[in-house]
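Student: Got a sequence here, can you build the structure:
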Amino acid sequence: MAIVEVHPERIDGPWAEGFVLDRHVVSSRPIGYLGEHMQFETTRSPLGELVYQLKYRNGRLNDIIETAVAFITKRWSGLVDCVVPPPPSLHRTKQPAVLIAEGVATSLGVPSLASAAIKTTATPQMKNVPLHERAPLLSAAIQAGTDVFVAGSRQISRLPAEVKTRLDTMVEKGFQILVGDANGADKAVQRYLADKSYPNVLVHCMKDHCRNNVGGWPTRQLVAPHGARGFEYYSIKDRAMAEAAEYGLMLWDGKSKGTVNNVVNLSRDHKPVVVYVAPTKQFRTVKTFDDLRDLLAQGDSDSVVRNAPPGNCAGWQDQLVYCCPLLETTRSRPHDQSPGPHVAESARQERRQLWRPRETHRIPRDARSLGAKPTEGAPRRSPRRQGRLRFNLRMIQRRAAWRRPHARAE
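Tutor: Sure, this is the predicted structure:
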């Protein structure tokens with residue numbers, strides 16, 4: 001990577017301080033017609049050439065990011081809270097401005113908020129608009145954005161009419177919809193939005209493996225820690241969407257632990273969630289953990305708790321023990337208190353017992369203990385396990401018998 005030479009220029013606007021790093025084109029002169037189109041000999045600045053190659057020739061991205069980061073850290077070191085890319089005028093699978101913003105944000109260690117500013121109406125490409133018309137056009141088209149996390153159970157493959165009505169409202173208001181790439185509800189939502197040609201969608205998936213992107217929308221690819229598998233692996237993108245969104249719309253089949261985990265993540269950050277409960281065909285609004293407890297009563301909460309993987313869902317055990325009526329055998333505090341670090345030690349011990357695997361009595365493997373029996377009240381070993389112990393004993397006896405003659409001979 002290399003930092004290219006730039007010539008920053010200050011620009012005025014509704015901000016405290018603004019700069020452009022360089023001009024895109026230094027000079028451009030006509031050289032004649034090719035068919036009906038005039039051809040130009042264009043000279044670009046070093047940074048302008050990098051942007052042109054990235055946009056039209058799939059060029060390098062790292063040099064642009066390094067150049068921008070060098071300018072930002074020199075002038076505003078430690079003052080940047082986030083990076084917001086400008087809303088694009090033309091829909092592309094990969095948006096250059098979004099890619100640059102994400103790279104700069106990663107280098108600075110801050111989030112990239114692509115939905116902080118959105119276009120409520122389509123605009124032509126700014127290079128085709130006269131300079132004096134650009135500001136009024138963009139001012140009328142751009143507004144602060146709202147992110148909505150839409151997800152649901154894999155068993156729901158068709159959207160009910162009530163859910164489609166909710167999605168239509170989001171489309172009318174221009175909300176950015178954050179959706180995953182799984183089969184089931186995620187894919188059904190993608191199909192519905194693709195049929196409407198709705199561009200303001202951001203698909204979240206794991207790095208180098210996007211299972212579904214029906215509309216060819218921009219993607220945000222998450223990287224899983226080493227060793228993550230199964231539910232833990234795919235829940236990473238769900239947590240990222242819950243952190244980025246301001247609201248949630250969930251489609252729950254009454255059993256899916258992943259959907260409940262999304263509701264928990266949103267509720268923990270005090271973000272309202274509307275949940276469509278498929279078995280009852282009703283909407284439930286979840287704002288507090290009391291609401292979540294009532295929601296679980298509408299579905300098969302026993303199945304959710306029984307299949308909940310310990311350690312994979314952030315805060316799952318701490319919160320679900322107070323949300324699910326099946327686990328409320330003993331409580332150290334009333335319903336109206338939210339779970340937190342002040343949970344009584346007795347409740348913590350109860351949760352540990354719920355998730356602790358069944359303990360078995362261990363029998364030593366040497367020959368002298370073959371006749372040993374488990375302590376009273378402890379579960380016995382399975383016949384298969386006992387068979388392995390007997391096999392190990394026979395091997396020990398054979399080795400001992402083989403060694404005795406050799407020892408005597410010596």
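Student: Give me the distance between the residue nearest to Val83 when sequence neighbours are not counted and Asp181.
Tutor: In space, and not counting its chain neighbours, Val83 is closest to Ala105: 4.1 Å by Cβ to Cβ, 6 or more residues apart in numbering. Placement of C-beta: from N, CA and C, glycine included. Using Cβ to Cβ, to the nearest Å, Ala105 is found at 22 Å from Asp181.
Student: contacting residues for Val150?
Tutor: Going by Cβ atoms under 8 Å, 6 or more residues apart in numbering, Val150 touches Leu167, Ile177, Leu178, Val179, Val189, Gly248, Leu249, Met250.
Student: Tell me which entries of those lie within strands.
Tutor: Members of those lying in strands (criterion: DSSP state E): Ile177, Leu178, Val179, Gly248, Leu249, Met250.
Student: out of the residues you listed, which is most surrounded?
Tutor: Val179 (28 neighbours; other Cβ atoms under 10 Å).
Student: if I pick that one, what's in contact with it?
Tutor: Here Val179 is in contact with Val150, Ala151, Asp186, Val189, Gln190, Leu193, Val201, Leu202, Val203, His204, Met241 (Cβ under 8 Å, 6+ apart).
Student: for these, which one is nearest Leu295?
Tutor: Minimum distance to Leu295 across the contacts of Val179 is 15.0 Å, recorded for Ala151 (Cβ to Cβ).
Student: ok so that closest one is a helix residue?
Tutor: No: looking at Ala151 with DSSP: H, G, I helix; E, B strand; the rest coil, it is strand, so not inside a helix.
Student: how about the nearest residue to Leu137, chain neighbours excluded?
Tutor: Of all residues not flanking Leu137 in the chain, Thr123 sits nearest, at 5.9 Å (Cβ to Cβ, 6+ apart).
Student: cool, and Ile177?
Tutor: Excluding the flanking residues, the one nearest Ile177 by Cβ to Cβ, 6+ apart is Val201, at 5.0 Å.
Student: How about the contacts made by the one you found?
Tutor: Gln176, Ile177, Val179, Gln190, Leu193, Gly215, Trp217, Pro218.
Student: Swap in 7 Å and give it another go.
Tutor: Listed by Cβ atoms under 7 Å, 6 or more residues apart in numbering, the contact set of Val201 reads Ile177, Val179, Leu193, Gly215, Trp217.
Student: average pLDDT across stretch 268-283?
Tutor: For stretch 268-283, the mean pLDDT works out to 91.
Student: Name the surrounding residues that touch that stretch.
Tutor: 156, 160, 162-163, 245-254, 263, 266-267, 284-287, 295, 298-299, 315.
Student: filter these to the buried ones?
Tutor: Buried members of these, counted by 16 or more other Cβ atoms under 10 Å: 156, 163, 245-254, 263, 266-267, 284, 286, 295, 298-299.
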